Structure formats: C-alpha cells, structure tokens
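Asks: Pasting the sequence and the predicted model now:
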Amino acid sequence: MKILVTGGTGYIGSHTVVELLNNNHEVIIIDNLINSKIDVVDKIKKITNKDVKFIQGDVGDYNTLSKIFSENKIDAVIHFAGLKAVGESVKEPLKYYEGNIGITLNLLHVMQEYNCKNIIFSSSATVYGVPDKLPIKEDFPLSRPSNPYGTTKLMIEYILEDIYKADKDWKITLLRYFNPIGSEKTGLLGENPKGIPNNLMPYIVRVATGELKCLNVFGNDYPTHDGTGVRDYIHVLDLAKGHVKALEKNISGVHVYNLGTGKGYSVLDLVHTFEKVNNVKVSYKIVARRAGDIAECYADSSKAEKELNWKAELNIEDMCRDSYNFIIKNSTKL
Ligand code: WQD
C-alpha cells in the first residue's frame, strides 16, 4: 500500500515508517520539522535500505496536501502530526486547538476530496482522564482530559466518529498509546525532544549522561507500591508494529485499541531498572506532585491482541537499554 505518514520524522512516526518499509509498503512523509530533524529521513533509508519520499510542509496547508494527493494514489494515512507537550498546551491552548484539530480538519477535507477514506489516528490514553479502575479498557467512559493536549486528542476522535456516521465507507482506527519509550536497535532513531524534556525517560537519560544534574521525582505520596506515579511504558518498536497491524486490518467502521503492555511501573521502578541495565547512576530527589498527574495508569490491550493479532513483546529492560543506547550513539551529534 502507498501510505502518507504525517509527522513521519517524529519519534513514533519515524519508527513506524521503518516498520512500514520493512513490510514492503510505500511511504510518503509530510512533516514541518517543528519538533524533528530532516536527517531522520536519511537514517530511515539507512536502516531499511529502502527509499522514502519526504515533503517538508504543514498538514494544515491545503495546497501542500492537495498536491500530494493529486500526484499520488494514497491508499491510507497514518496521522501523527501535531503538538504534544502537555504543559505547553495548558499555557497556549489556542496553539494546540489550531495545531492539532485545525490541521486534522484540513487533512480530512483533502482525503475526502481525493476519496481516500482510510486513516489510522495517533490518539492517547489521556482521553480516559482519571480512570475509575484498572486496567483501562477501550469501553471505559471518556472524560474531559486534564489538559488541552489531551482534549484535542479526544475531540479528533469525536470528529472521526462523526465522519464515519455520515459516510460508512470510512475505515478509521484510533490507537490510544500509553507511555512510549525506547528506540530502535541501531540507535540511529530515538526520542530527542528540544529543550528540557517534559517526559520521564528523556529526562532520566540526560541525567545519566550528566547533561542534567538530577531528576525531580514528582511526588512520592501517591497510593502506589512505592508512592511514585505508575505508568504503562511501551517500547516504541512495539507501538510501530501495532500501527502496521492496524493498517493491514483496517475495515470500515471506527476501531479503537489500547496500545500498552498491561504492566505498570513506577517512576522509581524505571530509575532503578535504568541504572541496573545500563550500569549508570541516576541522581534524583523527591519534589512536589506535578499538576494534572494521575497516580496510576495501565492498559488492558487484550482487544488489540485478539483483533489485530498484536501484543507488546519488549520489556522494561529493553526499553531502558535502547533509550540509553540512542543517546550514547548520538550524544556528540544531538
Ligand atoms: C510519567 C511519570 C510523572 C517527568 C504524557 C502525556 C501522554 C503522552 C506521554 C504524548 C509521571 C513522572 C515525569 C519528570 C517525574 N504524551 N515524572 N519527573 O505524564 O504519563 O504522559 O506523556 O503522547 O499523553 O500525558 O508521561 O513521562 O511526563 O510522566 O517524576 O521529570 O513520570 O509524574 O508519574 P505522562 P511523563
């Protein structure tokens, strides 16, 4: 299939493009490089020894997208493009509503115009808000996420559901990610956010390399086994495989899947595992809770296992080892 991947030079997007190419799909990437680098395209070609077309541009720009669809018969779209910093979304909600929902509306208009009605959407476990019980299942009630970033994900899910209700030809898959970490095995691709990382793993890695002094652990008074926040960390390679499985299965309708491991690890679990597998020290100190954080969150992914024949295979040690490998391999170039 010929697949348009929006945000395909980003962390999850680039890993998914590698998996698509390795499964003999043809890929076109559109990315505005706001949170990624153009050298990722060459790295993808090097890892797969396959060609990939790259177009630098905005998914929100009608002419750019229309040109891609008029020049290529696109079979499906995997839509990653968007802003994803939770804290920034609280400070600049309009930027997020325009940057995530606005661009998606443009994408859907152009897809409809060119009769391409097959989309896999990068959603997030944030749409569940604070879960009443665990593990989280896809049919749990959705509640207003605690930040505009999460609200944009939920609103786009609603938009896609309404599009399907109006036109039953659409094939729509909503993939709700838990906490993606790790990197592919060569260490060429990885998570490298610009500035001070918001997320836990990129912060741990930079403390381990000495770039940052000490990890702030946001609270140790949660009702969890060691008081620190528990999350379902999933290796980005498993996540990428989940997208290819969803693409190859996509049938008309709206299909929702949790992509997680079903296991919850605390902040200190991750710190200690990281230290052990990489034989490094990660200094940390306990500080106040971060606003908007929930205590515990992990997935029931049995629906994806049953319907997509997909199950996360890599463990927390792999995630810690591969995250560190990426930074060590690239520390001089980042
Ligand atoms: C994980 C745990 C923190 C940083 C967010 C988004 C979600 C997705 C993944 C995009 C929590 C603790 C963190 C630090 C810490 N993003 N922590 N010190 O908040 O679960 O999910 O990122 O798709 O949509 O909501 O991930 O990595 O920020 O936090 O103690 O410096 O680590 O309190 O318990 P989160 P995270």
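Replies: Yes, it's here.

Asks: Starting from Ala312, give me the distance back to Ser252.
Replies: 27 Å (CB to CB, to the nearest Å). The way it works is simple: take the backbone N, C-alpha and C, and place the C-beta from them, glycine included.

Asks: Kindly report the same for Met201.
Replies: Relative to Ala312, and taking CB to CB, Met201 is found at 16 Å.

Asks: ok, these two, which is more surrounded?
Replies: Set side by side, Met201 and Ala312 show more neighbours around Ala312, with 24 against 21, by other CB atoms under 10 Å.

Asks: Next, the more buried one: secondary structure please.
Replies: coil (DSSP: H, G, I helix; E, B strand; the rest coil).

Asks: Identify each buried residue in the helix or strand harbouring Leu4, please.
Replies: Assigned by DSSP states H and E, Leu4 falls within strand 2-6. Residues of strand 2-6 classed as buried: Ile3, Leu4, Val5, Thr6 (neighbour count, 16 or more other CB atoms under 10 Å).

Asks: Now distance to Ala125 and pLDDT too, for those, in CSV please.
Replies: Shown next, in CSV, are the buried residues of strand 2-6 (distance: CB to CB, whole Å; pLDDT from 0 to 100):
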residue, distance to Ala125, pLDDT
Ile3, 24, 98
Leu4, 25, 98
Val5, 22, 98
Thr6, 21, 98
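
Asks: In the residues you listed, find the pair that's most separated.
Replies: Ile3 and Thr6 (10.3 Å; CB to CB).

Asks: mind exporting stretch 195-214 as PDB, just the C-alpha atoms?
Replies: Output of stretch 195-214 as PDB, limited to C-alpha atoms (Å, rounded to 0.1, in the frame of the first residue of the first chain):
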ATOM      1  CA  GLY A 195      14.900  21.800  25.300                       C
ATOM      2  CA  ILE A 196      14.300  20.400  28.800                       C
ATOM      3  CA  PRO A 197      12.300  17.200  28.500                       C
ATOM      4  CA  ASN A 198       8.800  17.100  29.900                       C
ATOM      5  CA  ASN A 199       8.600  13.300  29.900                       C
ATOM      6  CA  LEU A 200      10.300  11.000  32.300                       C
ATOM      7  CA  MET A 201      12.500   8.800  30.200                       C
ATOM      8  CA  PRO A 202      14.200  11.600  28.100                       C
ATOM      9  CA  TYR A 203      14.900  13.300  31.500                       C
ATOM     10  CA  ILE A 204      16.400  10.200  33.100                       C
ATOM     11  CA  VAL A 205      18.700   9.700  30.000                       C
ATOM     12  CA  ARG A 206      20.000  13.200  30.300                       C
ATOM     13  CA  VAL A 207      20.700  12.800  34.000                       C
ATOM     14  CA  ALA A 208      22.600   9.600  33.200                       C
ATOM     15  CA  THR A 209      24.800  11.300  30.600                       C
ATOM     16  CA  GLY A 210      25.400  14.200  33.000                       C
ATOM     17  CA  GLU A 211      23.700  16.800  30.800                       C
ATOM     18  CA  LEU A 212      21.200  17.400  33.600                       C
ATOM     19  CA  LYS A 213      22.100  17.300  37.200                       C
ATOM     20  CA  CYS A 214      19.200  15.500  39.000                       C
END
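
Asks: Can you tell me what sits against it?
Replies: 85-87, 179, 181-182, 191-193, 215, 231, 233, 267, 270-271, 274, 278, 280-285, 319, 323-324, 326-328, 331 (CB atoms under 8 Å, 6 or more residues apart in numbering).

Asks: Among those, which are located in strands?
Replies: Asn179, Ile181, Leu215, Arg231, Tyr233, Tyr284, Lys285 (DSSP state E).

Asks: Now for Lys45, how many residues are close by?
Replies: The burial count for Lys45: 15, using other CB under 10 Å.

Asks: these two touch, right, it and Asp51?
Replies: Yes. With contact defined as CB atoms under 8 Å, Lys45 reaches Asp51; the gap is 6.5 Å.

Asks: Give the full set of residues in contact with the closest residue to Lys84 other than its chain neighbours.
Replies: Using CB to CB, 6 or more residues apart in numbering and skipping the chain neighbours, the partner closest in space to Lys84 is Tyr149 (6.3 Å). For Tyr149, the contact set (CB under 8 Å, 6+ apart) comprises Leu83, Lys84, Ala85, Val86, Glu88, Ser89, Tyr96, Asn100, Thr126.

Asks: Now do the same for the fifth one: its pLDDT.
Replies: It refers to Glu88. Here, the pLDDT recorded for Glu88 equals 87.

Asks: Check Thr332 too.
Replies: Looking at Thr332, its pLDDT reads 63.

Asks: Pick out the residue in this structure sitting closest to the ligand.
Replies: Here the residue of the chain nearest the ligand is Gly229; by CB to the nearest ligand atom that distance is 2.2 Å.

Asks: Isn't that residue up against Ala295?
Replies: Yes. Here Gly229 reaches Ala295: they are 6.4 Å apart, a contact under CB under 8 Å.
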